[in-house]
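Sharing a sequence plus its predicted fold:
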Amino acid sequence: PAGLRVFAQYVLLPLVAVYLIILTAYLGRVVITTTWPSGWIGLLVSALAAFGILSLLLVHPRRGREGHAWIDTYARIFWILIIPSVVMLLLAIGQRIEQYGITERRYLLLLLGVWLAGAAVFYTVTRSREIKGIPLTLAVIGAVTFVGPWSAYAVAERSQVGRLEDLLSTHGVLADGRISPAAVEIPPEDWQQINDVLLYLISWHGTSAIDEWFEGGVATVDTIGDGMAASLRVAEAGRRATLIADHFGLVPSEGLLADPFGFIDISAPGGRNAAIAVTGFERAVFERNLLGGRYPFEGDSLTFEATADSLGTTIRLGGDALATVSFAELIARAGRSGTTTAPGRVQLPPDSLRLDISGADVAARIQLTLLRLRDSDGRLRPTRVTGTLLLAPAGDSPP
């Protein structure tokens, strides 16, 4: 339709050109800073390819006509400039596959990258105007990845089962195709990967592929459900993954171990019901959100504001800043001496959850009841911090 061609020529093609320039500049930044692109690079390149190829298909009927020689030039430049982005996509996906194995999404992105690389080289070298090969090859790839042994579902399951098998065999839990629980300390990174693979398999594939590893099948370990082959809620999958992981007997040697969803809760035994020592303090503000909250206090307002990196909080009384405290040492303390009761559950004695504040204008203590962290790409950041603020008489030091 003429309307679509006008839209492609005057709206879509300019947008694709700008997007292509931005993405190429981003690649240059990656090369200069040596900072590897994050996981969303696949989405960026996929969107660029989809809209770029769509725009070329829409204006294709005008190619070769008088006054439209620019279309050939545009197409040639598009295929040349997309090559660096495709290389970046393939390198990023390759790194993720090497680290964490194949999933459906990574498999499809890998095939898309290979297809784009082939198409870019073909159209750059031959300068062909032929477009029938684009939908034809995409249809073939779609058919291959939809069913059969090379489908995204089957390849991803084999990859993740193989990854789990390698991890368990390395630590002596899996031998001759059978699970033999072993009380062995392993690096926390390996423990985390084992839990992540179990969560993925249970959520998307069930456990039929690893059922034969267990005497009597996985159902003998799973005391929550009935074999775990059905479609599961995410929370249920997490609980079942924890049950199976516990059966292996492996424990992390050190550091903080996230639950299957990437969270770590640090608290005292008993949680918010644990007793708090208040000797030497006059006033208390109980169970507040320390990452952000405004509360009435003796005719004024008490405010907690998270620091820019969320690793601390600034306490304000009215408009005056009383103190800024950091949670970094407490997090490090939990990694060194905390007791991991389950993935994502770390306990410290109440004394180790104290943050004392001494200054000319304030003498106080924060007794934390919960410090919740989120593991995002290997970096821990607090997402929820609650605790009680104890205030001593002016001029005193926390006892």
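Structure received.

Show me what secondary structure element comes after the lowest-mean-pLDDT helix or strand in the chain.
Least confident helix or strand of the chain, by mean pLDDT, DSSP states H and E, is helix 2-7 with a mean of 67. Downstream of helix 2-7, the first helix or strand assigned by DSSP states H and E is helix 13-33.

Now do that following helix: which elements does it pack against?
Counting contacts by 3 or more C-beta pairs under 8 Å, 6 or more residues apart in numbering; DSSP states H and E, helix 13-33 is packed against helix 41-59, helix 70-100. Yep, even glycine has a C-beta here, placed from its N, CA and C like the rest.

now for those, which one comes closest to residue 255?
Closest approach to residue 255 among the helices and strands packed on helix 13-33 (C-beta to C-beta): helix 70-100, 17.7 Å.

so where's the stretch 151-300 of the chain uncertain?
Regions of the stretch 151-300 of the chain meeting the criterion pLDDT under 70 cover residues 219-236, 238, 252-254.

what do you get if the cut-off is 50, keeping everything else the same?
Residues of the stretch 151-300 of the chain meeting the criterion pLDDT under 50: 223-232.

quick one: the strands in it?
174-175, 178-179, 185-186, 251-252, 263-267, 283-289, 292-297, 300-306 (DSSP state E, counting those that start in this stretch).

Go through the ones you listed and name the closest to residue 131.
strand 263-267 (48.4 Å).

Can you dump the C-alpha atoms of that closest one in PDB for me?
Extracted in PDB, the C-alpha atoms of strand 263-267 (Å, rounded to 0.1, in the frame of the first residue of the first chain):
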ATOM      1  CA  PHE A 263      17.300 -12.500  47.000                       C
ATOM      2  CA  ILE A 264      19.200 -12.700  50.300                       C
ATOM      3  CA  ASP A 265      17.600 -12.000  53.700                       C
ATOM      4  CA  ILE A 266      19.900 -11.200  56.600                       C
ATOM      5  CA  SER A 267      18.300 -11.200  60.000                       C
END
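
before we move on, the earlier item: so which of the strands of the stretch 151-300 of the chain comes closest to residue 373?
Here strand 263-267 is closest among the strands of the stretch 151-300 of the chain (C-beta to C-beta), at 4.3 Å.

And the pLDDT for the spatially closest residue to residue 141 that is not a sequence neighbour?
Leaving out its chain neighbours, the residue that sits closest to residue 141 by C-beta to C-beta, 6 or more residues apart in numbering is residue 111, at 5.8 Å. Listed pLDDT for residue 111 reads 94.

Next, the buried residues of the helix or strand encompassing residue 111.
Residue 111 is located in helix 104-126, with elements delineated by DSSP H and E. Of the residues in helix 104-126, 104, 106-113, 115-117, 119-120, 123-124 count as buried by neighbour count, 16 or more other C-beta atoms under 10 Å.

For residue 386, which non-adjacent residue is closest in space?
According to C-beta to C-beta, 6+ apart, the nearest residue to residue 386 is residue 370 (4.8 Å).

Wait, a strand at that neighbour?
Yes - Residue 370: assigned to a strand according to DSSP: H, G, I helix; E, B strand; the rest coil.

follow-up on the earlier one: of the helices and strands packed on helix 13-33, give the one that comes closest to residue 349.
Nearest of these (C-beta to C-beta): helix 70-100, 35.4 Å.

Run the chain-centre distance for the closest one.
Centre-to-centre, helix 70-100 and its host chain are 24 Å apart (C-alpha atoms, centre = their mean, to the nearest Å).

Give the rounded mean pLDDT of that helix.
Per-residue scores along helix 70-100 average to 87.

report the angle between the axes of that helix and helix 104-126?
140 degrees (axes from the mean of the first three to the mean of the last three C-alpha atoms, to 10 degrees).

Identify all contacting residues around the helix holding residue 111.
Residues outside helix 104-126 that contact it (C-beta atoms under 8 Å, 6 or more residues apart in numbering) are 42, 45-46, 49, 75-76, 79-80, 82-83, 86-87, 89-90, 93-94, 96-97, 102, 128, 133-134, 137-138, 141, 145, 152-153, 155-156, 204.

And for stretch 132-145?
Residues contacting stretch 132-145 (C-beta under 8 Å, 6+ apart): 53, 57, 107, 108, 111, 115, 119, 122, 150, 151, 152.

Excluding chain neighbours, what is closest to the third one?
This means residue 107. residue 152 (4.7 Å).

do the same with the second one
With C-beta to C-beta, 6+ apart as the measure, residue 131 is the residue that lies nearest to residue 57, at 6.2 Å, once sequence neighbours are left out.

Perfect, that will be all.
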